[in-house]
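Trainee: whatever this is, show me its structure:
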Amino acid sequence: MPAQRAGSPAPEATPPRRSAFAEGVEQVRAAVTTEPGRLRLIGAILAVLIVAFGAVTAWQMTDRAAAADDVLHRSQPLSSGAADIYRSLADANTAASSGFLAGGQETAASRARYEKDIQTAAAKLVTAAANSEPGSPSEAAVAKLNKLLPEYKGLVERASVYNRQGYPVGGAYLRYANEKMQKEMLPAAEDLYTKENARLSSDYADATPYPWAAIVLGLLALAALAWAQLRHYRRTNRLLNHGLVAASAATVVTLLWLVVGHTFARAGLDGSYDHGVRSLNVLHDARIASLKARGNENLSLVARGAETVTVDGETYDAYYYDFDQDMAALGKGLTQAAALADDSAGSKPVQAAEGNMKVWKERHADARAEDENGDYQAALDKVIGADGATAECFDSVDTNLKNALAHEESEFQERATDGRDAMSGLPIGAAMLGVAAASGALFGIGRRLSEYR
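Mentor: As a prediction, this is how the structure comes out:
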C-alpha cells in the first residue's frame, strides 16, 4: 500500500447509513413541504380516522347486539329455567307430602302433579346441562341434582308404599326425603339459579355500556373533516368540496345512528330489567316461599311433633316454625312484587295472592289449634279437606303468582326485543357508511390534487 504523501489531506470518512425508518421520516417531511404532499397526508389521515371509526363502531355494536340477543334468547330463559327447576322440586315435595297425608284416598290429580313436577325438573336439568360450560359451577350443580333426583324419588316411593300398608315407618321415609330435598337438592337448585342470574347480569353489563371508543373516534373524524374543509376554503375560496361534504354527511349519519340507536337499545334493555327481570326474580322467590310453606304445613301433620327446633331458648315444632318463616318471606315478596308492578295487569294477580295469603294464615291458625288440642283428624280436614281447607288458599296463591309471572315474562320479552332490535343493522351499516365516507374523503382530496398536474 503506497504511503500517504506528506502534506496531503486525510481521506474523508464515509457517513453511517441511516435506518429505513429515518429515511422514511425524512421523505415524508420533504413531501409535506409542498402542497400536493400535504394534501396526500391529509387524505391519508382522514381515511384512517374514518375507517377506524367505522371498524370500531361495527366491532363494538356487534358485541353489544350479541349480548342483547343472549339476554333475550339465552341467559334470561336459562335463569327462568333454573327457577323452574327449583319450583318444580319444591312443588314435587309439597305434592308428595299431600299425597302421603291423603293415604289411601290420594287423588289421581295429586299423583299426576307430583309426577309432572319430577318430569319437569328432569327435563329442565337436561337443558341446563346442555348450556353449562364444562367445569363450571353450574355444571357441578346440575350434576349434583341429576344424582339426587332419583334418590329422592326412591325415598318418596318407599314412603308411599309403607303408608298404603299402614306402617308408621312411611312417615320416617317421607321426612328423610324432605330432609334430602331441603338440605341438598334445593340448595343446589338455588346455587344454579344464582349462577344463571349472574350470567344474565353479565350479559346486561356487556349489552348496555355506551360505545365510547367509537363515539370519540367519530367526533375526531368529524373534527378532522371540518378542519380539512376549512383549510380548503381558505386556500381556494371555494365554499364546498363535494367529496369532503359527502364524507362528513356519511360520518354524521353513522355517529347519529350509533348514539340514537344505542340510546334506544339501552332504554329497552334497562326497561326489560327494571320492569321484567326484577319482578320475575321477586315473583319466583314468592312462589317458592309459598311452596315451601305448604310443604312444611303438610309435614307438620306427617311428623306429629316428632321434629322440634329450639330458638332463643324456646322449643317449637320444626315444621310449624319453618312455615311461619316461609309465610313471612311470602308476604315480603308479595309486597315487593306489588311495588314493582307497573300496570293493573301485573298488580291485580299480586293483590289477589295477598288476599289468598291472609285467608291461608287464618285457616292455618285454626288447623294448628286443632292439632295442638289433639284433634288430628279435624286438623287434617282443615289442611287437605274438600272445602274450606288451606289447600284451596295455597292453590289460589300459586295460580295468581303463575299469572303474574306470565305477565312479567311478556313485559320482559317486549322490552328486551325492542332493545335488541334498536341495534339491528347498525354494525353492517356503520361499516358500509365508513367505507363510503373514506371514499368520499379520498375523492375530495383527489380532486384538489388533480389541479396540480
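Trainee: for this protein, just list every one of the strands.
Mentor: Taking DSSP state E as the criterion, the chain carries its strands at 308-311, 314-317.
Trainee: nearest to Ala102, of those?
Mentor: strand 314-317 (21.1 Å; Cβ to Cβ). In this view, the C-beta of every residue, glycine as well, is placed from N, C-alpha and C.
Trainee: direction included, what does the closest one pair against?
Mentor: Strand 314-317 pairs in its sheet with strand 308-311 (antiparallel), by DSSP bridges.
Trainee: pull the residues that contact the partner strand.
Mentor: With contact meaning Cβ atoms under 8 Å, 6 or more residues apart in numbering, strand 308-311 is reached by Thr315, Tyr316, Asp317, Ala318, Tyr321.
Trainee: quick check, central residue of this structure?
Mentor: Leu200 (1.9 Å; Cα atoms, centre = their mean).
Trainee: how far away from the center of its chain is stretch 242-258?
Mentor: Distance of stretch 242-258 from its chain centroid, counting by Cα atoms, centre = their mean, to the nearest Å, is 35 Å.
Trainee: quick one: list the elements packing against the longest helix anywhere in the chain.
Mentor: Longest helix in the chain, counting residues (DSSP state H): helix 35-70. If you count contacts as 3 or more Cβ pairs under 8 Å, 6 or more residues apart in numbering; DSSP states H and E, helix 35-70 packs onto helix 20-31, helix 186-207, helix 212-236, helix 242-272, helix 390-421, helix 426-450.
Trainee: now it against helix 212-236, angle please.
Mentor: Angle of helix 35-70 versus helix 212-236, following axes from the mean of the first three to the mean of the last three Cα atoms, to 10 degrees, is 160 degrees.
Trainee: now helix 35-70: buried residues?
Mentor: 37, 39-40, 42-43, 46-47, 49-62, 64-68, 70 (16 or more other Cβ atoms under 10 Å).
Trainee: before we move on, what about stretch 391-400?
Mentor: For stretch 391-400, a neighbour-count test (16+ other Cβ under 10 Å) marks Ala391, Glu392, Cys393, Phe394, Ser396, Val397, Asp398, Asn400 as buried.
Trainee: mind checking how far the fifth one is from Leu256?
Mentor: Separation of Ser396 from Leu256 (Cβ to Cβ, to the nearest Å) stands at 52 Å.
Trainee: could you do the last one as well?
Mentor: Taken as Cβ to Cβ, the spacing of Asn400 relative to Leu256 amounts to 46 Å.
Trainee: now do the first one
Mentor: Relative to Leu256, Ala391 is positioned 60 Å away (Cβ to Cβ).
Trainee: cool, Asn237 as well?
Mentor: 31 Å.
Trainee: for the two, indicate the residue with more neighbours.
Mentor: Higher neighbour count among Asn237 and Leu256: Leu256, with 11 against 7, using other Cβ atoms under 10 Å.
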